[in-house]
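> After the sequence you'll find the predicted model.
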Amino acid sequence: MPRANTADTYGSISKAFHWITALLILTLFPLGVIAENLPYDTNEQLARKAWLFSLHKTLGVTVFFLALTRLLWTATQIRPAPLHPARKAETFLAEMVHVLLYLSLVFVPLSGWLHHAATEGFAPIWWPFGQSLPFVPKSEALAHLFSGWHWVLTKLLLLAFALHIAGALKHVVIDKDDTLRRMAIGKAPRQPAPPRPAHSRAPALAGISAYAAALLAASVMAWPTAAPQAAQAPEAPQAAPMALPANGWQVETGTLALTVTQFGKPVSGQFGAWTAEIEFDETVDDGIAGRVEVEVMIDSLTLGGVTDQAKGPDFFDAATHPRALYSADILALGDGQFDAVGTLTLRGTEAPLDLPFTLRIEDGTARMEATATTDRRDFGIGQNMPDEQNLAFGVEIKVDLVARKP
Ligand code: HEM
Ligand code: HEM
């Protein structure tokens with residue numbers, strides 16, 4: 001069997017590329033749908049879902065590189081001539097579908113990969129590269145867009161594949177010709193192909209146009225929901241009315257951030273809406289210098305690609321417990337070091353939380369920075385995930401505030 005294609009048949013290398021890719025695509029498709037629809041309510045379910053997604057992504061990235069190699073090989077090859085060149089519409093459709101399939105082999109895995117790279121946490125790719133991609137920032141809006149691309153492009157691949165199979169079946173069942181035979185491993189065509197008609201670029205152009213239209217439609221579909229998310233920040237209430245020293249300080253900027261560790265990787269996010277009231281005497285540098293009360297709106301949380309999961313019943317349970325409260329005494333330790341010693345009420349459960357912080361006041365601007373680690377189990381968060389490998393117990397809290405005297 002020749003390695004290279006001839007005018008009558010595909011060579012062994014093209015055949016190997018074709019069937020290995022076909023096998024991978026036929027595995028990846030159900031794998032994607034199954035992984036997507038698996039529940040993740042318990043530790044085992046989440047671990048299984050993540051494992052299947054990692055397998056899906058790892059095989060998918062393999063298809064991407066295989067496709068690039070295959071395209072390079074195809075570019076050096078002649079293509080076996082159509083067996084029925086007089087059937088113009090059929091030949092046009094077959095070639096257009098081939099172009100759609102080639103485009104799918106590159107852009108379906110690429111869209112999935114872009115989605116993965118723009119998302120934080122969950123189901124790593126097992127290759128030692130590619131968790132992030134150059135020029136792709138971690139962004140919910142971008143992840144949403146790429147996820148829309150992946151969804152639409154997988155449906156287009158399905159459509160092209162259905163037409164491809166229908167064509168192959170027609171050649172076997174109705175035409176009873178050699179079309180499938182010349183792609184079959186170890187088989188040679190029984191008769192030579194008729195002379196190749198003049199080559200037309202029209203099927204390729206039609207395939208590329210259809211693909212571009214689908215990509216555009218996917219972007220339009222995914223964009224309107226992505227854009228408001230990106231624009232959400234200004235709407236989120238500021239870390240508002242807050243008196244740093246009681247004599248009229250105003251908070252200019254503030255973040256209340258948290259980092260969880262999922263599958264060994266940090267996933268960071270923040271609460272957009274919270275208020276804080278502080279009574280504070282800056283002249284005290286040893287002992288109780290004031291009190292702080294913070295109220296956090298749980299629904300304002302964004303946490304990488306797992307925001308909805310985090311706000312759900314097993315974790316923060318925003319629907320039943322929409323607010324968290326922190327109240328503490330502020331202890332001055334000297335040298336701009338303080339400790340807020342108090343309790344955090346989260347998910348209806350109260351537990352002690354110490355928040356050491358630094359406060360620097362310079363030229364009428366006060367900057368407060370605090371970092372603390374708390375244990376999610378103290379508040380009954382993620383009880384169905386007792387395995388630290390999936391979700392670590394420690395959750396890091398970071399508070400950063402800048403206040404100014406008007
Ligand atoms: C040729 C390769 C690939 C095929 C055929 C494929 C197919 C699919 C399918 C059919 C789904 C289910 C979509 C649905 O809900 O209907 C899916 C979902 C998904 N795939 Fe792929 N995929 C491929 C490559 C990749 C790669 C390389 C990655 C990441 C590196 C990836 C990441 C994902 C993710 C994260 C989902 C979940 C859906 C979402 O949130 O967007 N896929 N894929
Ligand atoms: C599993 C069922 C499949 C069957 C029975 C099948 C059958 C065939 C046959 C008979 C040909 C030769 C057509 C001709 O000579 O005009 C062909 C070509 C082709 N197939 Fe498939 N195929 C299958 C799956 C796939 C899949 C999953 C893909 C990719 C996503 C794919 C992509 C292609 C491409 C791109 C060509 C054109 C090759 C070229 O001329 O460069 N096929 N297929």
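Thanks, I have the structure now. Numbering: from 1, shown residues only. Ligands and ions are numbered 1, 2, ... in the order given.
> What distance do you get for residue 131 to residue 118?
11 Å (C-beta to C-beta, to the nearest Å). Where you see a C-beta, it was placed from the backbone N, CA and C, and this is true even at glycine.
> Those two: who's more crowded?
The neighbour comparison of residue 131 against residue 118 (other C-beta atoms under 10 Å) goes to residue 118, with 23 against 12.
> Do I have it right that the more buried one meets residue 138?
Yes - counting by C-beta atoms under 8 Å, residue 118 touches residue 138, with 6.1 Å between them.
> can you pull the contacts of residue 180?
By C-beta atoms under 8 Å, 6 or more residues apart in numbering, the contact set of residue 180 is 168, 171-172.
> low-confidence ranges in the stretch 151-300 of the chain?
Along the stretch 151-300 of the chain, the model assigns pLDDT under 70 to residues 224-250.
> Run through the residues that contact the closest residue to ligand 1 within it.
Proximity of the stretch 151-300 of the chain to ligand 1 (C-beta to the nearest ligand atom) peaks at residue 154, 4.1 Å away. Residues in contact with residue 154 (C-beta under 8 Å, 6+ apart) are 29, 32, 108.
> Repeat the analysis, applying 7 Å as the threshold.
Residues near residue 154 by C-beta atoms under 7 Å, 6 or more residues apart in numbering: 32, 108.
> Sheet partners, orientation included, of the host helix or strand of residue 330?
Assigned by DSSP states H and E, residue 330 falls within strand 323-334. Using DSSP bridges, strand 323-334 pairs in its sheet with strand 287-297 (antiparallel), strand 337-346 (antiparallel).
> I'd like a version of those strands in a markdown table, one that adds mean neighbour count and distance to residue 4 as further columns.
Below are the strands paired with strand 323-334 laid out as a markdown table (neighbours: other C-beta atoms under 10 Å; distance: least, C-beta to C-beta, whole Å):
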| stretch | mean neighbour count | distance to residue 4 |
| --- | --- | --- |
| strand 287-297 | 17 | 66 |
| strand 337-346 | 19 | 67 |
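> Dump those into CSV; add distance to ligand 1 as well.
Formatted as CSV, the strands paired with strand 323-334 follow (distance: least, C-beta to the nearest ligand atom, whole Å):
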stretch, distance to ligand 1
strand 287-297, 27
strand 337-346, 29
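> Can you tell me which of the ones you listed is nearest to ligand 2?
strand 287-297 (47.1 Å).
> Off-centre distance for the helix or strand just after that closest one?
Per DSSP H and E, the first helix or strand lying C-terminal to strand 287-297 is strand 301-303. Computed by C-alpha atoms, centre = their mean, to the nearest Å, the chain-centroid distance of strand 301-303 equals 14 Å.
> now the closest residue to residue 91 other than its chain neighbours, what's its secondary structure?
Spatial nearest neighbour of residue 91, chain neighbours left out: residue 82 (4.8 Å); criterion: C-beta to C-beta, 6 or more residues apart in numbering. When classified by DSSP: H, G, I helix; E, B strand; the rest coil, residue 82 comes out as coil.
> where exactly do the strands run in the stretch 201-350 of the chain?
250-262, 265-271, 274-280, 287-297, 301-303, 323-334, 337-346, 349-362 (DSSP state E, counting those that start in this stretch).
> what about those, which gets the closest to ligand 2?
Nearest to ligand 2, of all the strands of the stretch 201-350 of the chain, is strand 265-271, at 31.6 Å by C-beta to the nearest ligand atom.
> Direction included, what does that closest one pair against?
In the sheet, strand 265-271 lines up with strand 250-262 (antiparallel), strand 301-303 (antiparallel) (DSSP bridges).
> how about those strands in JSON lines, adding distance to residue 149?
Shown next, in JSON lines, are the strands paired with strand 265-271 (distance: least, C-beta to C-beta, whole Å):
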{"stretch": "strand 250-262", "distance to residue 149": "24"}
{"stretch": "strand 301-303", "distance to residue 149": "22"}
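> Deepest in the core, which of these is it.
strand 301-303 (a mean of 22; mean count of other C-beta atoms under 10 Å).
> contact partners of it?
Strand 301-303 is contacted by residues 140, 267, 269-272, 307, 310-311, 316 when judged by C-beta under 7 Å, 6+ apart.
> which among these are in contact with ligand 1?
Checked against ligand 1 using C-beta under 6 Å from any ligand atom, the contacts of strand 301-303 yield no neighbours at all.
> okay, these in a markdown table with neighbour count and distance to residue 335 next?
Converted to a markdown table, those look like this (neighbours: other C-beta atoms under 10 Å; distance: C-beta to C-beta, whole Å):
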| residue | neighbour count | distance to residue 335 |
| --- | --- | --- |
| 140 | 20 | 40 |
| 267 | 22 | 34 |
| 269 | 19 | 32 |
| 270 | 18 | 28 |
| 271 | 21 | 29 |
| 272 | 20 | 33 |
| 307 | 15 | 38 |
| 310 | 23 | 37 |
| 311 | 19 | 39 |
| 316 | 25 | 36 |
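> for these, which one is nearest residue 51?
Nearest to residue 51, judged by C-beta to C-beta, of those is residue 267 at 18.1 Å.
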